[in-house]
Structure formats: C-alpha cells, structure tokens
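*Asks:* pasted the sequence and its predicted model underneath.
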Amino acid sequence: MNLTKHPRILQVIQAILGPDVILLDSRFICKYPTVKPADVQENEDHQSKPVTDKELPYVAWHQDMRYWGIAGGPVLSVWLALDDSQKENGVLQVIPGSHGSGMLPHRQATRPGNLLSVNQEIPEELVQVDKAVICPLKAGQMSIHDGLLVHASDANTSQRRRCGLVIRYVPTCAYPTEDPDRPRKFHATQLACGVDQFHHFSSKST
Ligand SMILES: O=C(O)CCC(=O)C(=O)O
C-alpha cells in the first residue's frame with residue numbers, strides 16, 4: 001500500500017490525471033522461472049509429457065478498460081518492476097498508438113495459461129502484432145500504460161522470476177459502468193491523493 005501512494009509514482013500520475021486520483025486496484029503479476037528442461041508434468045492418465053511454452057503462463061492481448069468497466073475518465077496502469085523484466089522472462093509488450101483506436105472486441109482465450117482473471121483476449125487477427133514493442137525494465141523502474149492500450153506478455157522461458165506490481169489509478173470524475181453480465185464491486189478503492197468531490201466509488205481517505 002505504501003508503494004501505491006509513493007510520492008514519486010503519484011507525481012507522474014497526477015501530471016497525467018490531475019490532482020484528484022483514486023487508487024482502483026493493485027496486484028502482483030508474477031511469472032515464475034520455467035521448470036527446466038527434463039521437467040515433466042503428468043497428464044490425466046498419469047503419463048508424463050514435456051512442458052512446452054504453449055502451456056506456460058502468459059498474458060493474452062487485451063485492453064484493461066474492457067475488464068475494469070470504467071467511464072468518465074481514463075484508467076492508468078503503473079507496471080512497477082520488482083525483478084528485471086526482459087524478453088526472456090516475459091516482458092510487457094505493447095502496440096504503440098493502439099489506445100487511440102477505441103475498444104476492440106474481446107473473447108474467451110482458447111490457449112491455456114492466460115493469467116487474466118476473466119481469460120479475455122483480443123483475437124490476434126485484430127492485433128498488429130508486427131508493430132509490438134517490448135518494454136524492458138530494471139527492478140525498481142516503472143512503465144505506465146493507458147487503459148485502452150493493447151498489450152500482452154509472453155511466457156517466462158528463463159530461469160529468472162518476472163514479478164511486477166500493477167497499480168491502477170483513475171481520476172475521481174471516473175465512475176464504474178453497469179454491466180449486468182459482469183457486476184463489479186469496488187470495495188478496495190481509496191483516495192490516492194487530492195480530494196474526492198464525486199464519491200463514485202466506495203472510496204475512503206486514508
Ligand atoms: O504483467 C503482465 O505481463 C501484463 C500486465 C497487464 O496486463 C497490465 O498491467 O494490465
């Protein structure tokens with residue numbers, strides 16, 4: 001919680017969102033080292049089969065806004081690296097400029113291992129994968145992405161853990177949208193900084 005309100009993070013967030021900011025959520029996204037190479041897993045018949053990249057945890061192409069259901073303002077995500085994050089251990093990758101094209105259709109991911117909580121993905125034919133750029137970070141560095149930016153990350157095929165603390169912020173003017181198919185509750189929100197004149201979330205000042 002101290003990190004989510006760290007002045008060096010909030011300084012940048014306030015420069016983008018303005019002075020009044022809600023902390024929407026924070027969570028670790030951790031991809032552990034790949035178990036190597038003679039390592040095997042058992043299938044249902046208790047026969048061993050090799051673990052392949054296709055079965056390792058990854059993050060499918062998606063836009064955060066699709067999941068959060070927020071209107072009235074942007075969602076910003078800070079990706080704070082707790083470990084060095086590089087190509088080999090499953091660095092975050094983004095499609096530059098994709099936040100300008102609105103919301104893309106999402107569906108249930110078919111490939112197993114998607115770490116996203118509702119297993120969503122943008123069909124790959126809708127993603128300009130050839131335009132993807134990786135966002136390598138040293139531990140302690142952070143990147144920030146807009147809630148409409150199309151992003152993903154590959155499996156960690158290295159021997160090094162890749163853990164990030166993802167912190168989501170919205171301006172106080174933003175509000176949760178009603179989605180009968182996916183009702184959301186925002187019990188854990190807090191005022192990160194400034195003043196909340198709107199009370200759109202069950203936020204409390206700490
Ligand atoms: O940690 C990752 O690989 C993906 C992070 C992500 O999807 C996000 O920060 O919204």
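*Replies:* That came in fine, so what should we check first? Numbering: from 1, shown residues only.
*Asks:* what's Val12 in contact with, if anything?
*Replies:* Residues in contact with Val12 (CB atoms under 8 Å, 6 or more residues apart in numbering) are Ile144. For the C-beta atoms, the positions are set from N, CA and C on the backbone; glycine is no exception.
*Asks:* pLDDT wise, what is it at?
*Replies:* pLDDT, the model's per-residue confidence, is 97 for Val12.
*Asks:* and what of Pro180?
*Replies:* pLDDT, read off for Pro180, is 70.
*Asks:* for it, grab the count of nearby residues.
*Replies:* Using other CB atoms under 10 Å, Pro180 has 5 other residues around it.
*Asks:* pull out the buried positions in the helix or strand Tyr67 falls within.
*Replies:* Per DSSP states H and E: Tyr67 is located in helix 64-68. Using 16 or more other CB atoms under 10 Å as the test for burial, helix 64-68 gives Asp64, Met65, Arg66, Tyr67, Trp68.
*Asks:* the third one contacts Pro105, correct?
*Replies:* It stands for Arg66. No. The pair Arg66 / Pro105 is not scored as a contact, 9.1 Å apart, by CB atoms under 8 Å.
*Asks:* please enumerate the helices of the chain.
*Replies:* Counting by DSSP state H, residue ranges of the helices within the chain are 7-17, 64-68.
*Asks:* so where's this structure uncertain?
*Replies:* 35-54, 181-183, 203-206 (pLDDT under 70).
*Asks:* for the ligand, what are the nearby residues on it?
*Replies:* Contact residues (CB under 6 Å from any ligand atom) of the chain with the ligand: Ile29, Val59, Asp64, Ser77, Trp79, Leu92, His151, Ser153, Gly164, Val166.
*Asks:* for the closest residue to Trp68 other than its chain neighbours, list the residues it contacts.
*Replies:* Excluding its sequence neighbours, the residue lying closest to Trp68 (CB to CB, 6 or more residues apart in numbering) is Val75, at 5.4 Å. Shown in contact with Val75 (CB under 8 Å, 6+ apart): Leu24, Asp64, Met65, Trp68, Asp146, Gly147, Arg168, Tyr169, Val170, Ala174.
*Asks:* quick check: the closest residue to Ser117 other than its chain neighbours vs His106, distance?
*Replies:* Sequence neighbours aside, Tyr67 is the residue nearest to Ser117 in space, at 7.3 Å (criterion: CB to CB, 6+ apart). Distance of Tyr67 to His106, computed by CB to CB, to the nearest Å: 9 Å.
*Asks:* okay, and the common contacts of those two?
*Replies:* Jointly contacting Tyr67 and His106 under the rule CB under 8 Å, 6+ apart are Gln120.
*Asks:* tally up the residues packed near whichever residue of the chain sits closest to the ligand, please.
*Replies:* Here the chain gets closest to the ligand at one residue, Ser153, 3.1 Å apart by CB to the nearest ligand atom. Ser153 has 25 neighbouring residues, counting by other CB under 10 Å.
*Asks:* give the contact list for the nearest residue to it once chain neighbours are set aside.
*Replies:* Closest residue in space to Ser153, ignoring its immediate chain neighbours: Val59 at 4.4 Å, by CB to CB, 6+ apart. Residues in contact with Val59 (CB under 8 Å, 6+ apart) are Ile29, Asn114, Leu115, Leu116, His151, Ala152, Ser153.
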